[in-house]
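Undergrad: Give me coordinates for this.
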Amino acid sequence: MRTQVHPSCTDAATSVGAVTTYSDIRCTLHSARHCSALDDQKQRPHLSVKCRENVQRVAKDGYLFVTWANHHYMDFAMSWIQHLRSQNLTNFLVGAMDEEILMVLAKRRIPTFSMQSGLTTGDFGWGSPTFAKMGRKKISLIATFLKLDVQVIISDVDVMWLRDPVPFFKRYPDADVLTSADHLLSTVGSREELEKYPEAGSAFNIGIMLFRKKSLTFVEEWIRVIESDDKIWDQNAFNDLARKGQQIMPDDPKHYFKGDDGKLLMGVLPLAYFASGHVYFTQKMHETMGIQPYAVHATFQFSGTPGKRNRFREAGLWLERPEYIKPKGGFIAYESHIPQHLMDTGGPRTNQMDINNTVGHFDLVNYQLKELRNAFALATILNRTLILPPFWCGLDRWWAPHAGTIPGSEFKLPFICPADHVLDLENGLGRVWDEAEHGPQMDFREYTFSNHTDFPVDFKNSAINIIVCQKGKGYCPDADAPGTVDVNKVFLQENLMSEQIKMVLSSVSHAALLKFNTMKGAFGNFTNEADYTKFFRRMNHLGSVWCCIDAHPGHIHYDFWWDVPHTDKFGRKWQKWEPKPGP
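TA: Modelled structure (predicted):
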């Protein structure tokens, strides 16, 4: 199939049911692109009737979902699409920012159009110049589709739609713009209403928004502002313009307010239903309230694109590839046994933004890091993929000082925290390290992986339980031969060296899943000192940081080797580890 966009909008439009075919879409949006100031010459010729008709055919009841992606974000785009399709929603378009993703979307007959962005085919990198340029493309799309007389539901590709929001939007027909926000405490509880404003006055987040035709002049001014200075962030510009001359309407039953010098009727989407990453993944407000959100946006996370992907996986919202479900070598999992006293004392100690407040949190997390270190060692020597356990954190994580939870949020501590709170999924586990220096690559799966609907039933049914035992206490055979399989379990003497472990477990090397009953004593050390040295180097890079106490610097690095004398990745020598800010 050709990947070049058709040069005109005169092709015959064809449709299959309610879904416009790619041939129709590519002709439609190519012409629309040149009609909407997205071309290099910034010309603005008249939008053709044909373009308007074709786009409106894709829309349903006048509403159109729009996102965009380059090839690097192909898996995000497919998950975004899958969530819409699972609700029988076909009124969407995906902007293709490079030829690679355009070709893939076209072959899969997904409604798409070429944006010919000229940007990277890799990661946009949050906050980078490329990220800013991508944002300008996004805002131009809003103007394009408003000119084609549709109501634009714009969302970043790291938003997953869990319900059809159109019935909700129809309840607010007078609104010109509805926007999500980074507010963390609902002002309307579990009710499906717009948030009260300005009570929910935190930054508007432009990752989920609805625009209607009257907002076009505002959007064009937004474009003008961000194109006038490439250092202006599109979201900041939106907040400034929307709040300029705002008029609060405290008695309005629908919680509207007037923005843009009173010219637009606006509203803040209910944060429990159009959820930020913190509201959904950290607070789990939807579970507390017993509600089903419309959408979730992977914000408030700390490991770049891999962190977003893992957040969705932990929540069971990700469209997986077959090889992710069944990797070579099988899996290893374990039961984490956290002492109750660490849970009881894991929260804030002083309720102040000082170092003493973090002691219980690090005691709690460090115990789990030691377990995890043994698990990664076992996964390495057995050439298996590790299924992570749930992590318990005593303190939340943010980008600024706090005393346990982000100001404005409310939830119980300790809590099951996303993996990116503790592990560096981007530059640690997600990085390809030189194996000659750092040993074999290590793969992992999220803690909810075995609950995945596609997780093979035979994996669970054929799992072998590895019972770590103490010599001289009950049945605990010597490590001088392959272990005997008793029904579905094998006993493994504690604190064995790597080659001994491999020998004992060679009798169950065929098993798809090995489940250890504990990590305490499950791994002694590497038989070969060189293997230990490589593993030490790799593990030194896997911990992330906790942030922050009220100091400069205020962040504290997690350390997988906290319990032994060592030199960390910054060259700091430790005899006894303790929470220490920096570097």
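
Undergrad: Could you list the low-confidence segments of the stretch 1-150 of the chain?
TA: Within the stretch 1-150 of the chain, the ranges that satisfy pLDDT under 70 run 1-50, 117-135.

Undergrad: which helices and strands does the host helix or strand of Glu100 pack with?
TA: In the assignment (DSSP states H and E), Glu100 maps to helix 99-107. Here helix 99-107 is seen to pack against helix 22-34, helix 74-85, strand 92-96, strand 112-114 when contacts are counted using 3 or more Cβ pairs under 8 Å, 6 or more residues apart in numbering; DSSP states H and E. All C-beta spots, glycine's among them, are computed from the backbone N, C-alpha and C.

Undergrad: Export only the CA atoms of that helix, formatted as PDB.
TA: Provided in PDB are the C-alpha atoms of helix 99-107 (Å, rounded to 0.1, in the frame of the first residue of the first chain):
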ATOM      1  CA  GLU A  99       6.100   7.900   7.500                       C
ATOM      2  CA  GLU A 100       6.800   4.800   9.500                       C
ATOM      3  CA  ILE A 101       3.700   5.000  11.700                       C
ATOM      4  CA  LEU A 102       1.600   6.200   8.700                       C
ATOM      5  CA  MET A 103       2.500   3.000   6.900                       C
ATOM      6  CA  VAL A 104       1.600   0.800   9.800                       C
ATOM      7  CA  LEU A 105      -1.700   2.500  10.500                       C
ATOM      8  CA  ALA A 106      -2.600   2.400   6.900                       C
ATOM      9  CA  LYS A 107      -1.900  -1.300   6.600                       C
END
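
Undergrad: how about stretch 341-353: buried residues?
TA: Using 16 or more other Cβ atoms under 10 Å as the test for burial, stretch 341-353 gives Leu342, Thr345, Gly346, Gly347, Pro348, Arg349, Met353.

Undergrad: Going by distance to Ser462, which of those residues wins?
TA: Comparing these against Ser462 with Cβ to Cβ places Leu342 closest, at 33.8 Å.

Undergrad: So what's the residue count around the residue nearest to the closest one when sequence neighbours are not counted?
TA: Leaving aside its chain neighbours, Leu342 sits nearest to Leu364 (4.7 Å; criterion: Cβ to Cβ, 6 or more residues apart in numbering). Here the count is done by other Cβ atoms under 10 Å, and Leu364 has 24 residues near it.

Undergrad: how close does Leu364 sit to Gly582?
TA: 22 Å (Cβ to Cβ, to the nearest Å).

Undergrad: and what of Asn366?
TA: 18 Å.

Undergrad: More neighbours: the two, which one.
TA: Asn366 (18 against 13).

Undergrad: still on that earlier bit, what is the orientation angle of the helix holding Glu100 with strand 92-96?
TA: 150 degrees (axes from the mean of the first three to the mean of the last three Cα atoms, to 10 degrees).

Undergrad: buried stuff in helix 99-107?
TA: Those would be Glu99, Ile101, Leu102, Met103, Val104, Leu105, Ala106, for helix 99-107 by 16+ other Cβ under 10 Å.

Undergrad: again with stretch 491-501
TA: For stretch 491-501, by 16+ other Cβ under 10 Å, it's Phe491, Leu492, Gln493, Glu494, Leu496, Met497, Ser498, Gln500, Ile501.

Undergrad: which non-adjacent residue is nearest the fourth one?
TA: Distance criterion Cβ to Cβ, 6+ apart; nearest residue to Glu494, sequence neighbours excluded, is Gly521 at 3.2 Å.

Undergrad: show me the residues around that neighbour that make contact.
TA: Taking Cβ atoms under 8 Å, 6 or more residues apart in numbering, we find Gly521 in contact with Val468, Gln470, Glu494, Asn495.

Undergrad: And the pLDDT at the last one?
TA: If you check Asn495, the pLDDT there is 98.

Undergrad: thought it was touching Met519?
TA: No. The pair Asn495 / Met519 is not scored as a contact, 11.8 Å apart, by Cβ atoms under 8 Å.

Undergrad: For the residue with the largest distance to the centre of the chain, give me the backbone phi and psi.
TA: Most distant residue from the mean C-alpha position of the chain: Gly472, 47.4 Å away (Cα atoms, centre = their mean). Taking degrees, to the nearest 10, you get phi 90, psi 0 for the backbone angles of Gly472.

Undergrad: distance of the residue lying closest to Gly245 once chain neighbours are set aside from Met249?
TA: Setting aside the residues directly before and after it, Gly245 is nearest to Asp261 in space (Cβ to Cβ, 6+ apart), at 3.5 Å. Distance from Asp261 to Met249, counting by Cβ to Cβ: 15 Å.

Undergrad: what's the answer for Asp260, then?
TA: 14 Å.

Undergrad: Ala400: neighbour count?
TA: 11.

Undergrad: again, but for Pro322
TA: Pro322, neighbours per other Cβ under 10 Å, totals 8.

Undergrad: go on, the one 3 residues further on?
TA: Counted with other Cβ under 10 Å, the neighbours of Ile325 add up to 15.

Undergrad: ok, now the one 5 residues further on?
TA: As a burial measure, the neighbour count of Gly330 was computed by other Cβ under 10 Å and equals 20.

Undergrad: Regarding it, what are the backbone dihedral angles?
TA: phi 80, psi -170.

Undergrad: Which residue, neighbours along the chain excluded, lies closest to it?
TA: Ala512 (4.5 Å).

Undergrad: Just the mean pLDDT for stretch 276-292, thanks.
TA: 98.

Undergrad: Just give me how far it sits from the chain centre.
TA: Stretch 276-292 has its C-alpha centroid displaced from the chain centroid by 14 Å (Cα atoms, centre = their mean, to the nearest Å).

Undergrad: Specify the local secondary structure of the residue nearest to Thr453 when sequence neighbours are not counted.
TA: Spatial nearest neighbour of Thr453, excluding adjacent residues (Cβ to Cβ, 6+ apart): Gly316 at 7.8 Å. Under DSSP: H, G, I helix; E, B strand; the rest coil, Gly316 falls in the coil class.

Undergrad: dump the residue contacts of Gly316.
TA: Thr448, Asn451, His452, Thr453.

Undergrad: how about 10 Å then?
TA: Contact partners of Gly316, counting by Cβ atoms under 10 Å, 6 or more residues apart in numbering, are Glu446, Thr448, Phe449, Asn451, His452, Thr453.

Undergrad: What about those residues, which one has the most neighbours?
TA: Result: Glu446 is most packed of the contacts of Gly316 (other Cβ under 10 Å), 22 neighbours.

Undergrad: Tell me the backbone dihedrals of it, please.
TA: phi -70, psi 160.

Undergrad: all helices in the stretch 401-550 of the chain, in order from the N-terminus.
TA: 435-438, 457-461, 498-504, 529-539 (DSSP state H, counting those that start in this stretch).
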